[in-house]
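# sharing a model prediction with you, sequence too.
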Amino acid sequence: MKTINLQINWYLYSIQLFVFVLLYVVLLNLGFVTVAQALAGVGATWTMVSLISGIFGNTYVHIDKAGFSYRRGLTTCYLHSDEVVSLKATKVLNSYIVTVALKSNKQVSFPYWLASFEEIQKAAKQFNCPVIGLTQSEVNV
(Lines give C-alpha, C1' and ligand atoms only; values in the text may rest on other atoms or scores of the structure.)
Protein backbone atom coordinates (compact mmCIF):
# COMPACT_ATOMS: atom_id res chain seq x y z
CA MET A 1 0.00 0.00 0.00
CA LYS A 2 1.34 3.39 -0.96
CA THR A 3 1.24 6.18 1.56
CA ILE A 4 -2.07 8.05 1.67
CA ASN A 5 -1.70 11.74 2.45
CA LEU A 6 -4.90 13.22 3.83
CA GLN A 7 -5.95 16.56 2.34
CA ILE A 8 -6.60 19.84 4.14
CA ASN A 9 -10.24 20.35 5.13
CA TRP A 10 -10.80 23.76 3.53
CA TYR A 11 -14.48 23.60 4.42
CA LEU A 12 -13.79 23.48 8.17
CA TYR A 13 -11.20 26.25 8.01
CA SER A 14 -13.68 28.45 6.11
CA ILE A 15 -16.41 27.83 8.68
CA GLN A 16 -13.97 28.54 11.50
CA LEU A 17 -12.93 31.88 10.01
CA PHE A 18 -16.59 32.77 9.35
CA VAL A 19 -17.49 32.04 12.99
CA PHE A 20 -14.67 34.27 14.26
CA VAL A 21 -15.79 37.12 11.99
CA LEU A 22 -19.40 36.63 13.09
CA LEU A 23 -18.40 36.67 16.78
CA TYR A 24 -16.36 39.80 16.16
CA VAL A 25 -19.33 41.61 14.60
CA VAL A 26 -21.76 40.48 17.31
CA LEU A 27 -19.43 41.41 20.18
CA LEU A 28 -18.60 44.72 18.53
CA ASN A 29 -22.30 45.58 18.20
CA LEU A 30 -22.87 44.64 21.85
CA GLY A 31 -20.17 47.11 22.90
CA PHE A 32 -17.48 44.60 23.86
CA VAL A 33 -14.82 46.19 21.66
CA THR A 34 -11.75 44.90 23.50
CA VAL A 35 -13.11 41.35 23.81
CA ALA A 36 -14.14 41.37 20.14
CA GLN A 37 -10.72 42.50 18.99
CA ALA A 38 -8.89 40.01 21.20
CA LEU A 39 -11.10 37.07 20.21
CA ALA A 40 -10.99 37.90 16.51
CA GLY A 41 -7.24 38.49 16.55
CA VAL A 42 -6.38 35.30 18.44
CA GLY A 43 -8.93 33.17 16.58
CA ALA A 44 -7.97 34.36 13.11
CA THR A 45 -4.26 34.10 13.89
CA TRP A 46 -4.61 30.56 15.26
CA THR A 47 -6.67 29.48 12.24
CA MET A 48 -4.26 30.97 9.72
CA VAL A 49 -1.15 29.57 11.45
CA SER A 50 -2.78 26.14 11.56
CA LEU A 51 -3.77 26.35 7.89
CA ILE A 52 -0.37 27.62 6.73
CA SER A 53 1.46 24.92 8.68
CA GLY A 54 -0.71 22.33 6.91
CA ILE A 55 -0.03 23.86 3.51
CA PHE A 56 3.74 23.84 4.07
CA GLY A 57 3.76 20.33 5.52
CA ASN A 58 4.56 21.19 9.12
CA THR A 59 1.38 19.38 10.16
CA TYR A 60 0.17 16.30 8.32
CA VAL A 61 -1.65 12.97 8.49
CA HIS A 62 -0.26 9.97 6.59
CA ILE A 63 -1.70 6.47 6.36
CA ASP A 64 0.49 3.54 5.32
CA LYS A 65 0.84 -0.16 6.10
CA ALA A 66 2.51 0.63 9.45
CA GLY A 67 -0.48 2.72 10.57
CA PHE A 68 -1.18 6.41 10.94
CA SER A 69 1.48 9.03 11.46
CA TYR A 70 0.53 12.60 12.16
CA ARG A 71 2.20 15.75 13.25
CA ARG A 72 0.66 18.45 15.40
CA GLY A 73 2.97 21.30 16.24
CA LEU A 74 6.41 19.93 17.05
CA THR A 75 5.21 16.44 18.03
CA THR A 76 5.01 13.51 15.62
CA CYS A 77 2.61 10.79 16.76
CA TYR A 78 2.01 7.26 15.51
CA LEU A 79 -1.01 4.96 15.63
CA HIS A 80 0.31 1.49 14.83
CA SER A 81 -1.79 -0.69 12.54
CA ASP A 82 -2.10 -3.51 15.08
CA GLU A 83 -3.74 -1.05 17.54
CA VAL A 84 -6.44 0.07 15.08
CA VAL A 85 -9.84 -1.50 15.84
CA SER A 86 -12.01 0.43 13.38
CA LEU A 87 -12.14 3.51 11.19
CA LYS A 88 -15.08 5.88 11.36
CA ALA A 89 -15.91 8.10 8.41
CA THR A 90 -18.01 11.24 8.65
CA LYS A 91 -19.08 12.66 5.31
CA VAL A 92 -18.36 16.33 4.63
CA LEU A 93 -19.30 17.41 1.11
CA ASN A 94 -17.55 14.89 -1.18
CA SER A 95 -14.89 13.75 1.28
CA TYR A 96 -14.70 12.11 4.68
CA ILE A 97 -13.27 13.02 8.07
CA VAL A 98 -11.51 10.00 9.59
CA THR A 99 -11.71 8.93 13.23
CA VAL A 100 -9.57 6.01 14.38
CA ALA A 101 -10.73 3.73 17.20
CA LEU A 102 -7.91 1.99 19.08
CA LYS A 103 -7.72 -1.18 21.17
CA SER A 104 -7.22 1.00 24.25
CA ASN A 105 -10.77 2.39 23.75
CA LYS A 106 -9.34 5.74 22.69
CA GLN A 107 -10.43 7.56 19.57
CA VAL A 108 -8.26 9.90 17.54
CA SER A 109 -10.05 12.21 15.15
CA PHE A 110 -8.63 14.25 12.31
CA PRO A 111 -11.27 16.95 11.64
CA TYR A 112 -8.89 19.25 9.79
CA TRP A 113 -8.00 16.52 7.28
CA LEU A 114 -10.07 14.79 4.58
CA ALA A 115 -9.83 11.44 2.80
CA SER A 116 -11.77 9.94 -0.08
CA PHE A 117 -14.00 6.87 0.21
CA GLU A 118 -11.47 4.76 -1.69
CA GLU A 119 -8.60 5.84 0.58
CA ILE A 120 -10.55 4.91 3.70
CA GLN A 121 -11.50 1.55 2.19
CA LYS A 122 -7.84 0.84 1.30
CA ALA A 123 -6.73 1.69 4.83
CA ALA A 124 -9.44 -0.48 6.41
CA LYS A 125 -8.48 -3.39 4.18
CA GLN A 126 -4.81 -2.97 5.06
CA PHE A 127 -5.57 -2.80 8.80
CA ASN A 128 -8.18 -5.60 8.55
CA CYS A 129 -10.79 -3.52 10.39
CA PRO A 130 -14.35 -2.33 9.67
CA VAL A 131 -15.31 1.13 8.46
CA ILE A 132 -18.13 2.67 10.46
CA GLY A 133 -20.33 5.33 8.88
CA LEU A 134 -20.04 4.36 5.23
CA THR A 135 -22.62 2.59 3.15
CA GLN A 136 -22.12 1.10 -0.26
CA SER A 137 -24.67 3.54 -1.73
CA GLU A 138 -22.27 6.40 -1.00
CA VAL A 139 -19.62 5.06 -3.38
CA ASN A 140 -21.14 6.61 -6.50
CA VAL A 141 -21.86 10.03 -5.03
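Done, it's in.

# phi, psi for S69 please.
phi -130, psi 140 (degrees, to the nearest 10).

# counting neighbours, what do you get for it?
16 (other C-beta atoms under 10 Å). Placement of C-beta: from N, CA and C, glycine included.

# which residues does it contact?
By C-beta atoms under 8 Å, 6 or more residues apart in numbering, S69 lies in contact with Y60, V61, H62, T76, C77, Y78, L79.

# quick check on the first one: phi, psi?
Per-residue torsions, Y60: phi -160, psi 170 (degrees, to the nearest 10).

# and the helices in the protein, which stretches?
Applying DSSP state H to the chain gives helices spanning 10-29, 33-55, 117-127.

# for those, which one ends up most surrounded?
Stretch with highest mean neighbour count among the helices of the chain: helix 117-127 (a mean of 18; mean count of other C-beta atoms under 10 Å).

# distance between it and the chain's centre?
17 Å (C-alpha atoms, centre = their mean, to the nearest Å).

# just stretch 37-46 next, same as before
The answer for stretch 37-46 is 21 Å, by C-alpha atoms, centre = their mean.

# give me the contacts around it.
Q16, L17, V19, F20, V21, L23, Y24, L27.

# circling back: could you dump the contacts of S69 to a markdown table with pLDDT and neighbour count?
As requested, the contacts of S69 are exported to a markdown table (pLDDT from 0 to 100; neighbours: other C-beta atoms under 10 Å):
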| residue | pLDDT | neighbour count |
| --- | --- | --- |
| Y60 | 90 | 17 |
| V61 | 91 | 25 |
| H62 | 91 | 15 |
| T76 | 90 | 11 |
| C77 | 91 | 11 |
| Y78 | 93 | 12 |
| L79 | 92 | 19 |
